[in-house]
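Chemist: Kindly return the folded structure for what I paste below:
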Amino acid sequence: MSKHKEYLESFSKSRTIFSLKNKFVKEAFRSGNDLLTSKNFLEARQVFKEIGKELFMKKEVVNKSLFMIGESYYAEGKNDKAMKYFTELLKKGTDDDTRSRVFFRTANILTRKGDTKKAVQDYEKGYFSAKKGKIKALLLYGAGDSYLKLNLSEKAMEAFERLLIDFPEEKSLIREKMNVGLFFQKNKKNELALKAFQQVMELSPERSVRAEAQFWIGETLELQGKDEEAVAEYLKVAYAYKDEGMWGVTAKFKAGELYEKLGSYDEAIALYQDIAKRLKGQKQGDIALQKTEELKRTIKRIEHQETPTKIIRSSTNSKYFS
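Modeler: Down below sits the predicted model:
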């Protein structure tokens, strides 16, 4: 009974020690990450090295500390030293999560050095070993971007389409998805381009980014020949994001041009007049004023014809202004 009590007391003390160790590890990593964020690279490395030296530390914790040392060198721009730690980790063997992160960084370093062929191999290896969404999405985009640099457009399309399908809510790739949308638009894959821009619209917290995505949605619809739908999307930019740089003004111009194409001259004039008033004395304002005058002359010429051309004149009935 006495020995049993001693055992229980010893077990209780050990559990307390390990509990304290776990608390130390969490605090140490938090401290190291804070130092890394504030670019105190040397101090950050010292913290991560101390974690790795602790007795009876779990293998995955030691590996994570080695990864963070490599990460500090990468952030500092010391690629060769970073690669040394990452390569060591791959030789030692790690869990899938750390392994995928290591491949992501080795691929980043190879990309920095211009070795795109090797970089894409590491992006692929990391992608297939990754389990978690965010790192898997980053690796997939990296692979697609590398395929583009290697002029492997079909493989790039496959990777980018998979990115949109598998990771529609991934918030760490908002700007990258904008690039994906423009890539698909350029290659006349308009439905995929729309999917990319719509995901950006849904995910981005920045008005300027949403304004840009909304504009590209309008342009993509225009490229598909869906003029009326395109006008509606351009007008969303023009009025919902009118203060976001030149996106609002450019969208108004585009909507005006489509109204001209559709024969809705009064609507086009209203948009051009608004631009001319807002940007009076500027190049864009002068162009809008010139287009206004040209359209007014066009309307007069049509009205004086013996058989007037049928045109839409009533802006009050337009669904775009409802």
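Chemist: in the helix or strand harbouring E71, what's buried?
Modeler: According to DSSP states H and E, E71 maps onto helix 59-75. Across helix 59-75, burial judged by 16 or more other Cβ atoms under 10 Å covers 61-74. The C-beta positions use only the backbone N, C-alpha and C, and glycine is treated the same way.
Chemist: Can you add pLDDT and distance to A232 and give the residues you listed back as JSON lines?
Modeler: Formatted as JSON lines, the buried residues of helix 59-75 follow (pLDDT from 0 to 100; distance: Cβ to Cβ, whole Å):
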{"residue": "V61", "pLDDT": "85", "distance to A232": "55"}
{"residue": "V62", "pLDDT": "87", "distance to A232": "58"}
{"residue": "N63", "pLDDT": "90", "distance to A232": "54"}
{"residue": "K64", "pLDDT": "91", "distance to A232": "51"}
{"residue": "S65", "pLDDT": "91", "distance to A232": "55"}
{"residue": "L66", "pLDDT": "93", "distance to A232": "55"}
{"residue": "F67", "pLDDT": "95", "distance to A232": "49"}
{"residue": "M68", "pLDDT": "95", "distance to A232": "50"}
{"residue": "I69", "pLDDT": "96", "distance to A232": "54"}
{"residue": "G70", "pLDDT": "96", "distance to A232": "50"}
{"residue": "E71", "pLDDT": "96", "distance to A232": "47"}
{"residue": "S72", "pLDDT": "97", "distance to A232": "50"}
{"residue": "Y73", "pLDDT": "97", "distance to A232": "51"}
{"residue": "Y74", "pLDDT": "97", "distance to A232": "46"}
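Chemist: just these now: which is nearest D80?
Modeler: Y73 (8.4 Å; Cβ to Cβ).
Chemist: out of everything not next to it in sequence, what's closest to that closest one?
Modeler: In space, Y73 comes closest to A82 once its chain neighbours are excluded; the distance is 3.8 Å by Cβ to Cβ, 6 or more residues apart in numbering.
Chemist: Please report how far the one you found lies from L89.
Modeler: A82 sits 11 Å away from L89 when distances are taken as Cβ to Cβ, to the nearest Å.
Chemist: what touches both of these two?
Modeler: With contacts defined as Cβ atoms under 8 Å, 6 or more residues apart in numbering, the residues shared by A82 and L89 are G70.
Chemist: Save the buried residues of helix 59-75 as a markdown table, and put in distance to A213 too.
Modeler: Formatted as a markdown table, these follow (distance: Cβ to Cβ, whole Å):
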| residue | distance to A213 |
| --- | --- |
| V61 | 41 |
| V62 | 44 |
| N63 | 39 |
| K64 | 36 |
| S65 | 40 |
| L66 | 40 |
| F67 | 35 |
| M68 | 35 |
| I69 | 39 |
| G70 | 35 |
| E71 | 32 |
| S72 | 35 |
| Y73 | 36 |
| Y74 | 31 |
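Chemist: Next, give phi and psi for S264.
Modeler: Main-chain dihedrals, S264, degrees, to the nearest 10: phi -90, psi 70.
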